[in-house]
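Visitor: 3D, please:
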Amino acid sequence: MYQTTITFIWARWFVGCRTRTVAAIVTISGVLFAISAYFTNELNVGWGGPHAIWGYLRTFYDFFAGVLIYRLRRYIPTSKVIPFFSFFVIIVIIFPPFSSILWKIFTFYVMPPWALICGVSARGQHIVYGDKWFGRLSYSNYVTHWLVLYVIALVIPDTNNFAAVGLAVVLSVMVAFLTMKYYDIPVSAWVNKKFDHQRREASIPLLSR
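Guide: Okay, the predicted model is just below:
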């Protein structure tokens, strides 16, 4: 629900905002996220229970940090080697070697953006088979996977098995693909066309002077 809410907020109010505004949102949400973690004594906030409401701060930080990295992508050096480091970073995030609070802070604040930076350094280069397709699919999956997991949890009492995990992966990819093809791509094209039209209209008075 957090991802869906933040996506609607982004699309409605922030899709055309300046990079400075995005950076400010990342900074503010990151600071507030740290404050909430301090007072709740829980860094992994937002997954349920009494700390669920703070998940919006965590999602705000993650989402806008990704947008900021995308906005600043031209400053990231192009490489065919650096993107492979993102796989190792993700593995360390999933299987952390330490459990200290400093490591948790580093994991939440630094490592996910760093994994994204490593991936962005590939630019338009082909790194692994299907990378561009899965990259395009990732945003739709980001928004829809929670619904798939929720339905599977309702239908299958015990989801702690390989069959349930495999079903979740397959259905998540299918739903994300349909969402991408029939919603994400058409709506993105419409938004881009609308903003291009607004830019052209704004430039007409300047050209006529």
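
Visitor: does residue 141 lie in a helix or a strand, and which?
Guide: Following DSSP states H and E, one finds residue 141 within helix 131-155.

Visitor: please apply the same query to residue 38.
Guide: Using DSSP H and E, residue 38 falls within helix 19-40.

Visitor: chain center to that helix, what's the gap?
Guide: Centroid separation for helix 19-40 versus its chain: 16 Å, with CA atoms, centre = their mean, to the nearest Å.

Visitor: what do you get for stretch 13-32?
Guide: 14 Å.

Visitor: and that stretch, C-alpha only, in CSV?
Guide: Taking C-alpha atoms only, stretch 13-32 is exported to CSV below (Å, rounded to 0.1, in the frame of the first residue of the first chain):
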residue,chain,number,x,y,z
TRP,A,13,2.3,16.6,-7.5
PHE,A,14,5.9,15.8,-8.0
VAL,A,15,6.4,14.3,-11.5
GLY,A,16,7.6,17.6,-13.0
CYS,A,17,9.3,19.1,-9.9
ARG,A,18,12.9,20.2,-9.9
THR,A,19,15.9,18.1,-8.9
ARG,A,20,16.5,20.3,-5.9
THR,A,21,13.0,19.6,-4.7
VAL,A,22,13.6,15.9,-5.0
ALA,A,23,16.9,16.2,-3.1
ALA,A,24,15.1,18.1,-0.4
ILE,A,25,12.4,15.5,0.0
VAL,A,26,15.1,12.7,0.2
THR,A,27,16.9,14.7,2.9
ILE,A,28,13.8,15.5,4.9
SER,A,29,12.2,12.0,4.7
GLY,A,30,15.6,10.5,5.6
VAL,A,31,16.0,12.6,8.7
LEU,A,32,12.4,12.0,9.8
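
Visitor: pLDDT on stretch 105-121, on average?
Guide: Taken as a whole, stretch 105-121 has an average pLDDT of 83.
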